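Trainee: Any chance you can model this:
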Amino acid sequence: MLSTPQRMALDWILGPNNARYNPTSDRNQIAQRYILATLYFSTEGRNWKQQGNMFSSDDECKWFEHSFVCSDYGAFVSLKLENNNLFGSIPSEIGYLEHLQHFAIGYNNVSGVLVNELGHLKNLATLNLTNNRIVGKIPRSMGDLEKLTLLDLSYNNLDGGIPVELGSLAELAVLDVSYNKIVSAIPTELGNLRNLTKLQLSNNKLSGEIPTEIGSLLQLKFLDMSSNYFISGGIPDEFGLLRELTYLDLHLNSLMGNDISQLGKMRQLTYLDLGSNHLSYVISSKLGFLTKLTELYLNDNALIGPIPTEIGRLTQMKHLGLWNNKLSGTIPTELGYFQQLETLDMDRNILSGQIPSEIGVLKSLQFLRLENNKLIGTIPSEVGGLANLTTLMLQENKLVGSIPSELGQLTDLEYSWLFSNYLNGTIPFELGNLSSLIDLSLDDNDLSGTIPSELGNLQQLQYLWLYNNYLNGTIPSELGRITELLELPLYNNSLSGTIPREFGNFTQLQKLSLELNRLNGTIPSELGGLTGLLRLSLQNNSLSGTIPIEFGNLSQLQQLWLNSPLLNGTIPSELGMLAELTELKLLSTNLTGTIPSEIGNLSLLQSLWLSSPRLNGTIPSVLGSLTELTELKLQSTELSGSIPTELGDLSWLQSLWLSSGKLSGTIPSELGRLTELVELKIQSDELSGTIPSELGSLSQLQRLSLNSTKLKGSIPSELVGLPAWLSNETSPANDASTVQSVYTGWY
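Mentor: Residues are numbered from 1 along each chain as shown. Alright, predicted model coming up:
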């Protein structure tokens, strides 16, 4: 026979632990014990963290101290099993504990549906089922729980709609159905819940407009409809009647409209979040009446116009978020009244004017974000007095002048982003005092002078971005002390001298970019110890000597770029060990010898570009096994022999350049299989034979250059229809009897 929870409960009731109960005189107690046993078996009671004295012969009211509470006459009035590892489902029998006032099984793993019988609990005052895995719809029968004051169904998987019957719960003070999958409009009947103090509907899929009837909930203190995405329309004017409201969160919806002045009547409001909607109004000066406000978020909308000066009345403000709007005008100096402000975020607007020096009096400020505006002038030295500041982001403005040395006083600062401005002068050595700094980004400015050796004191630093400036002098060896560094882009400056061997201490480094400088000397072999390195770019310097064989130890390397006519020696075969490499570019070098066949082991390689007038030998046929290649350029070399037919296997190849005076043989017809090819350039005085008609299959080809004095025959008619051919106004005639070069579509 099937062992259902009900059957197991019945078998226990008929057992010896219940023998003393009389089926007639103890009927209610027997029923109560049966219901509790059914609950136990339905929720996999053997796994409960606390078992109490379940199933003992004792009175069931004594089975669980504090969790099971009975009235003076032995009827269950409270059943609380929160965080007790319940699984399974709620049995329908629970609906027959007719005196039950409190039922709480939150923070478990209960699944299944909400049974209609819950609606039988006419004396129920609180029902808390939060943080389970309950599915299905909210039963309409819950509208019969006329004494209910708290209904918490949050953090489950409920779907369907909010039953209009819930509007009959006249005593309800708390309604929380947040973090479910409820899809419907918000019932207007919720406006009947005149005793409601908390309404939490967030993180569902509610749609439609907010009912004006919500404005009738005059006792409401907490209202959260955030993260529904599809709630639309405007904020009802009736919200101005919610004079007791302290918390209002409507962020991440589709609200529109051009006025929220009605919210200025909510004088008790401490938290207001309207972020991530489609609001397009000018910020109302009436928000200045919300003098108890501590958090205001209007971010990610389309707000226009200036920030009203009346905002300075909000002297209790701790967090102000206005980012990603279209706000214009200047930053009000009245913000200096926000003595408790911890977060000021106005990035991604079109604010202009200077940064007010009054910001320097905000001694509690931790986050200052004004990036991506049109701010001008200098960085106020007063910012250096913000002792609690951890984040300073002023990038992508039009700031000028020097970096204030006073910033070196911000010992709690973790992120300093000043890039993409017009800052000039030198980097203050005082920045070396920022012992908590994680990210220092000064790139894309007009900074000059040397890199201060004091930056080597920044032991927590992970990102040091100084590229695209006018820095000169040598790279301080002291930087090698920053052992937590992950990225060091110093490119496009005028740095000189050698690469410090101390860079070998960067055991965590992932990206090293030193290109476009005036560095000289040899490449330190110590760089081969940076086993976490992903990108190494040293091109466009005057580096000399050989490529260190230790580079073969860079097992995580994805990009290796070297470019210097003073580099000599051979291409190390050890590079064939770089299994993660996607780009290998050794350009304008003086490398000698052959292309190592080990390069064919680089199965992830997408770009291979080699350029040296002393590179010789044949093109390794194993290059045809690099099936991820999109770019193969062997340019200005002395490579000889034939073009491997295996190159026709590179099905993703988009660019193929083969340039050498000694390549011989014919152009392989297999190249016609490269259907993704956009550009094809082959130059050699020794190539012979005809142009393969198979090249006519290269339907994506836009640039074509074939150059050899020994090519013969006619230009195949198949080439004439290619994009490369059609884009050229002076294409060679197709009926030429002899062709020495085809050069078309190239610019």
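Trainee: Against Thr531, how distant is the residue nearest to Gly449 when sequence neighbours are not counted?
Mentor: Nearest residue to Gly449 in three dimensions, chain neighbours excluded: Thr426, at 3.5 Å (CB to CB, 6 or more residues apart in numbering). C-beta: built from backbone N, CA, C; applies to glycine. Thr426 sits 35 Å away from Thr531, going by CB to CB, to the nearest Å.
Trainee: What are the contacting residues of the longest helix seen in the chain?
Mentor: Secondary structure of the chain per DSSP state H: the longest helix is helix 27-42. Under the contact criterion CB atoms under 8 Å, 6 or more residues apart in numbering, helix 27-42 has outside partners 5-6, 8-10, 12-13, 18, 21, 23, 45, 48, 54-55, 60, 63, 68, 74-76, 88-91, 93-94, 96-97.
Trainee: what comes up buried for the next helix or strand after it?
Mentor: Sequence order places strand 68-70 as the next helix or strand after helix 27-42, per DSSP states H and E. Within strand 68-70, the residues that count as buried by 16 or more other CB atoms under 10 Å are 68-70.
Trainee: closest to Leu610 among those?
Mentor: Phe68 (79.4 Å; CB to CB).
Trainee: Can you list the buried residues in the longest helix of the chain?
Mentor: 29-30, 32-42.
Trainee: which among those gets closest to Gln409?
Mentor: Leu39 (62.8 Å).
Trainee: Pass me the low-pLDDT residue ranges in the stretch 251-400 of the chain, would you?
Mentor: 258 (pLDDT under 70).
Trainee: residue contacts, the residue nearest to Gln606 when sequence neighbours are not counted?
Mentor: Nearest-residue entry for Gln606: Thr582, 4.7 Å, with adjacent residues in sequence omitted and distances by CB to CB, 6+ apart. Taking CB under 8 Å, 6+ apart, we find Thr582 in contact with 558-559, 604-607, 628.
Trainee: okay if I get those residues as JSON lines plus neighbour count and secondary structure?
Mentor: Below are the contacts of Thr582 laid out as JSON lines (neighbours: other CB atoms under 10 Å; DSSP: H, G, I helix; E, B strand; the rest coil):
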{"residue": "Gln558", "neighbour count": "19", "secondary structure": "coil"}
{"residue": "Gln559", "neighbour count": "19", "secondary structure": "strand"}
{"residue": "Leu604", "neighbour count": "15", "secondary structure": "coil"}
{"residue": "Leu605", "neighbour count": "25", "secondary structure": "coil"}
{"residue": "Gln606", "neighbour count": "20", "secondary structure": "coil"}
{"residue": "Ser607", "neighbour count": "18", "secondary structure": "strand"}
{"residue": "Glu628", "neighbour count": "15", "secondary structure": "coil"}
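Trainee: Could you pull out the strands in the stretch 251-400 of the chain for me?
Mentor: 271-273, 295-297, 304-305, 319-321, 326-327, 343-345, 352-354, 367-369, 374-376, 391-393, 400-401 (DSSP state E, counting those that start in this stretch).
Trainee: The first one: how far from the chain's middle?
Mentor: Averaging C-alpha positions (CA atoms, centre = their mean, to the nearest Å) puts strand 271-273 24 Å from its chain's average.
Trainee: Also the last one?
Mentor: Taking the mean C-alpha point of strand 400-401 and that of its whole chain, the gap between them comes to 32 Å (CA atoms, centre = their mean).
Trainee: Could you list the paired strands of the following helix or strand past it along with their orientation?
Mentor: Remark: after strand 400-401, the chain's next helix or strand is strand 415-417, criterion DSSP H and E. Next to strand 415-417 in the sheet, as set by DSSP bridges, lie strand 391-393 (parallel), strand 439-441 (parallel).
Trainee: Which among the contacts of helix 27-42 count as buried?
Mentor: Using 16+ other CB under 10 Å, the buried members of the contacts of helix 27-42 are 5-6, 8-9, 12-13, 18, 45, 48, 54-55, 60, 63, 68, 75-76, 88-91, 93-94, 96-97.
Trainee: In helices, which of those appear?
Mentor: 5-6, 8-9, 12-13.
Trainee: what would those look like in TSV with distance to Tyr422?
Mentor: Formatted as TSV, those follow (distance: CB to CB, whole Å):
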residue	distance to Tyr422
Pro5	74
Gln6	78
Met8	78
Ala9	79
Trp12	82
Ile13	84
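Trainee: out of those, who's nearest Gly329?
Mentor: Pro5 (67.1 Å).
Trainee: for that closest one, what are its contacts?
Mentor: Neighbour list for Pro5: 38, 40-42, 88, 91 [criterion: CB under 8 Å, 6+ apart].
Trainee: ok, now how distant is it from Ile595?
Mentor: Pro5 is 74 Å from Ile595, by CB to CB.
Trainee: circling back: by how many degrees do the longest helix of the chain and helix 5-13 diverge?
Mentor: Counting by axes from the mean of the first three to the mean of the last three CA atoms, to 10 degrees, helix 27-42 lies at 130 degrees to helix 5-13.
Trainee: quick revisit: for the contacts of Pro5, which one is nearest Pro308?
Mentor: Nearest to Pro308, judged by CB to CB, of these is Gly88 at 56.2 Å.
Trainee: Need the ones in helices among the buried ones among the contacts of helix 27-42 in CSV (columns: distance to Thr149 and pLDDT).
Mentor: Formatted as CSV, those follow (distance: CB to CB, whole Å; pLDDT from 0 to 100):
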residue, distance to Thr149, pLDDT
Pro5, 30, 93
Gln6, 31, 92
Met8, 34, 92
Ala9, 31, 90
Trp12, 34, 88
Ile13, 33, 87
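Trainee: Show me where the stretch 301-450 of the chain has its helices.
Mentor: Using DSSP state H, counting those that start in this stretch, no helices are found in the stretch 301-450 of the chain.
Trainee: Quick one: mean pLDDT for stretch 111-120?
Mentor: Taken as a whole, stretch 111-120 has a mean pLDDT of 96.
Trainee: Could you save the strands of the stretch 251-400 of the chain as a markdown table and add columns showing distance to Ile549 and mean neighbour count?
Mentor: A markdown table is the format used below for those (distance: least, CB to CB, whole Å; neighbours: other CB atoms under 10 Å):
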| stretch | distance to Ile549 | mean neighbour count |
| --- | --- | --- |
| strand 271-273 | 58 | 21 |
| strand 295-297 | 56 | 21 |
| strand 304-305 | 61 | 15 |
| strand 319-321 | 53 | 21 |
| strand 326-327 | 57 | 18 |
| strand 343-345 | 50 | 20 |
| strand 352-354 | 55 | 14 |
| strand 367-369 | 47 | 21 |
| strand 374-376 | 51 | 17 |
| strand 391-393 | 43 | 21 |
| strand 400-401 | 48 | 14 |
